[in-house]
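Visitor: Please work out how this folds:
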Amino acid sequence: MCGIGPFVTIPLMVAAFGGPQAVTGFVAGALLALCDGLVWAELSAAMPGSGGSYVYLRQAFQYRTGRLMPFLFVWTAMLFIPIGMSTGIVGFVQYLGYLAPDMGQTTGDLIGLGVIALVIALLWRGIEHIARITAVMWVVMIVSVGCVILASFTHFDADLAFTYPAGAFEVTSNHFWVGFAGGLTIGIYDYLGYNTAAYMGAEIKNPGRTLPRAIVFSILGIMTIYLLLQIGTLGVIDWHRMTDPDDVASTSVASAVLEETWGKGAADTVTVLILVTAFASVFAGLLGGSRVPYDAARDRVFFRPYAKLHPEHRFPVLGLATMGVVTSGGFLIGRHTDLATLIQLLTAVMVLVQALAQILALTVLRRRRPHLRRPYRMWLYPLPSFIALAGWLVIYGYADENSPGRHPIEWSLAWVGLGCVAFVVWARFEKVWPFGPKEISEEFLTEAEAEAEAAGGSAGAAGDGPAPDEPEPEPMPKP
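Guide: Residues are numbered from 1 along each chain as shown. Okay, the predicted model is just below:
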């Protein structure tokens, strides 16, 4: 979750709000992330399969539209997951520019593409090796954010952090709400990643307990880190500097904080740690995201070649390769437009077929399968669902206004429309609905089946397992 995001979006957040009141954006983003995270927590605990939203949409919407919704989710995930990772590479090159201020556009492009290739190479191995690499990167992330926070609060100026421009909180002003919508978009982008563990549910021990904890605790922990970063940074760097494109604080604000407080040597050192942190977030995101098309293809809900695993290391080859290519394309788009445009495109694409559809899926499954085993149930249901729904609609409704001339809404609708066409072609080839019968498969255990299994029984979920005369699907490894 905590990659390059806050280090590159603090200036964007300040620009959206027009002052230090930008802290509001991180608080609002945390509230939306927590409410949406509770949706993820219930669904992932009840249905811990590889693929995350793909599994939940498949189970919820199969009764009316067959395999359309899970297909569309995978189709859009093949775009929004790697686009999210490409923003991390854009930020990586941005901070590298602090260490190499004479680096040109072409050189930066080539370095970014090289970093993406390195991530894919490191992921081209078994998950037990990846776990050790991730643990090391996590330590580096903690050290890097800790240094920035510590440096900022040892030289903290409350007047800089808490002196607001006139009308900063004038909620009757349209300017405030436009800024709030832009800030909420940036805020939720910074928290994205709380759901990555759910993509790997089939590879996680005790998922009914582990996944809700991973989601909720990570959001609360990252919220604390982000608020300390934002407030601390504003207490060292005048917010006007963050909105000046010619000032280093607008592109490498954390490095500027370290240079202002502990000197250039410390700034260079922590910048290197931030680069490792950015690399780690992309690494973890592509690790989880590459499992999404694999599980769908294995269940015959996406193109079959994506179901193949590496013969030795047992990871999904084509899913990882495809996301590497799309990440490279998103990185080049971000480098030759701007990071805010990439964030707008990312959020607009994911809102329709993941965020909104998944909130609806939770309600549908509560009604369709009331006896489904749910190790975790959403607190205060359905209030968090309504808050999450409202937040995502605000982000989507203001996408075009916050990105003039880029038209992210139109692009997102076009991509979903193209996905519908792809589904029709695929469904015709596979002879499934609407060109064949709906196949209802109520997977995962009910409460009664779970109790029987715990007592030593052999009860299984209805529809569980392969269809008659089909080979057993290739399982993912469980470390």
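Visitor: Residues contacting the strand or helix carrying Ala256, please?
Guide: Assigned by DSSP states H and E, Ala256 falls within helix 253-261. Residues from elsewhere that reach helix 253-261 (C-beta atoms under 8 Å, 6 or more residues apart in numbering): 7-8, 10-11, 95, 98, 147-148, 151-152, 154-155, 229, 232-233, 236-237, 241-242, 247-249, 266-268, 270-271, 274. Yep, even glycine has a C-beta here, placed from its N, CA and C like the rest.
Visitor: what do you get if the cut-off is 6 Å, keeping everything else the same?
Guide: Residues outside helix 253-261 that contact it (C-beta atoms under 6 Å, 6 or more residues apart in numbering): 7, 10-11, 98, 148, 151-152, 155, 233, 236-237, 248-249, 266-267, 270-271, 274.
Visitor: and the following helix or strand past it with helix 253-261, angle?
Guide: Next along the chain after helix 253-261, taking DSSP H and E as the criterion, comes helix 264-289. Angle, helix 264-289 to helix 253-261, by axes from the mean of the first three to the mean of the last three C-alpha atoms, to 10 degrees: 160 degrees.
Visitor: Skipping adjacent residues, who's closest to Val317 in space?
Guide: Residue nearest to Val317 in three dimensions, not counting chain neighbours: His310, with 5.2 Å by C-beta to C-beta, 6 or more residues apart in numbering.
Visitor: thought that neighbour was touching Leu318?
Guide: No: the criterion here is C-beta atoms under 6 Å, and His310 misses it with Leu318 at 10.1 Å.
Visitor: what residues are up against Met350?
Guide: Phe80.
Visitor: Phe26 now?
Guide: Going by C-beta under 6 Å, 6+ apart, the list of residues near Phe26 reads 187, 226-227, 230.
Visitor: Mind doing that once more with 10 Å?
Guide: 6, 9-10, 13, 183-184, 186-187, 190-191, 222-223, 225-227, 229-231 (C-beta atoms under 10 Å, 6 or more residues apart in numbering).
Visitor: low pLDDT regions in the protein?
Guide: By pLDDT under 70, the weakly predicted segments of the chain are 126-130, 400-406, 453, 456-479.
Visitor: and Arg380, helix, strand or coil?
Guide: For residue 380 the amino acid is Leu, not Arg. coil (DSSP: H, G, I helix; E, B strand; the rest coil).
Visitor: residues of stretch 333-353 that come out buried?
Guide: 333-335, 339-353 (16 or more other C-beta atoms under 10 Å).
Visitor: and if you look at stretch 410-425?
Guide: 411-412, 415, 419, 423.
Visitor: Identify all contacting residues around that stretch.
Guide: Under C-beta under 10 Å, 6+ apart, the answer for stretch 410-425 is 65-76, 78-80, 301-303, 344-353, 396, 399-400, 407, 426, 432, 434-435.
Visitor: Weed out the non-buried ones from the contacts of helix 253-261.
Guide: 7, 10-11, 98, 148, 151-152, 233, 236-237, 248-249, 266-267, 270-271, 274.
Visitor: mind listing which of those residues are in strands?
Guide: Judged by DSSP state E, the buried ones among the contacts of helix 253-261 include no members of strands.
Visitor: mind listing the strands for this protein?
Guide: So, for the chain - with DSSP E - there are no strands.
Visitor: Excluding chain neighbours, give the residue nearest to Leu345 in space.
Guide: Leu345 sits nearest to Pro408 (C-beta to C-beta, 6+ apart), 4.8 Å away.
Visitor: Touching, that neighbour and Val349? I think so.
Guide: Yes: checked against C-beta atoms under 10 Å, the pair Pro408 and Val349 is within contact range at 7.8 Å.
Visitor: Can you work out which residues contact both of those two?
Guide: Ala399.
Visitor: Return the residues in contact with the residue nearest to Leu345.
Guide: 185, 341-349, 351, 396, 399-400, 402.
Visitor: Look up how far Ile4 lies from the spatially closest residue to Val143 that is not a sequence neighbour.
Guide: Excluding the flanking residues, the one nearest Val143 by C-beta to C-beta, 6+ apart is Leu273, at 5.9 Å. Here Leu273 is placed at a distance of 11 Å from Ile4 (C-beta to C-beta, to the nearest Å).
Visitor: higher neighbour count, these two?
Guide: Ranked by neighbour count (other C-beta atoms under 10 Å), Leu273 and Ile4 place Ile4 first, with 27 against 19.
Visitor: which residues does the more buried one contact?
Guide: By C-beta under 10 Å, 6+ apart, the neighbours of Ile4 are 87-95, 190, 254, 274-275, 277-282, 339.
Visitor: Got phi/psi on it?
Guide: Backbone dihedrals for Ile4, given as degrees, to the nearest 10, come out at phi -80, psi -10.
Visitor: re the thing from before, farthest pair within the buried residues of stretch 410-425?
Guide: Trp411 and Phe423 (18.8 Å; C-beta to C-beta).
Visitor: which ones are touching the residue nearest to Asp238 when sequence neighbours are not counted?
Guide: Counting by C-beta to C-beta, 6+ apart, Asp238 lies nearest to Leu160, which is 6.0 Å off, once chain neighbours are set aside. With contact set as C-beta under 10 Å, 6+ apart, Leu160 has these partners: 20, 233-239.
Visitor: now swap in Thr224 and tell me
Guide: Here Thr224 is in contact with 30, 149 (criterion: C-beta under 10 Å, 6+ apart).
Visitor: Same check on Ile222?
Guide: 1-2, 5-6, 26, 29-30, 33, 145, 190-191, 193-194.
Visitor: now do Asp159
Guide: Contacts of Asp159 (C-beta under 10 Å, 6+ apart): Gly235.
Visitor: Please tell me how far it sits from Ile204.
Guide: For Asp159, the distance to Ile204 - C-beta to C-beta - is 47 Å.
Visitor: Val148 too?
Guide: 31 Å.
Visitor: before we move on, what about Phe92?
Guide: On the measure of C-beta to C-beta, Phe92 and Ile204 end up 28 Å apart.
Visitor: More neighbours: those two, which one.
Guide: Neighbours were counted for Phe92 and for Ile204 using other C-beta under 10 Å; Phe92 has more, 27 against 19.
Visitor: Looks like that one contacts Val272 (just checking).
Guide: No: applying C-beta under 10 Å as the test, Phe92 and Val272 come out as separate, 11.4 Å apart.
Visitor: longest helix anywhere in this protein?
Guide: In the chain, with assignment by DSSP state H, the single longest helix is helix 68-99.
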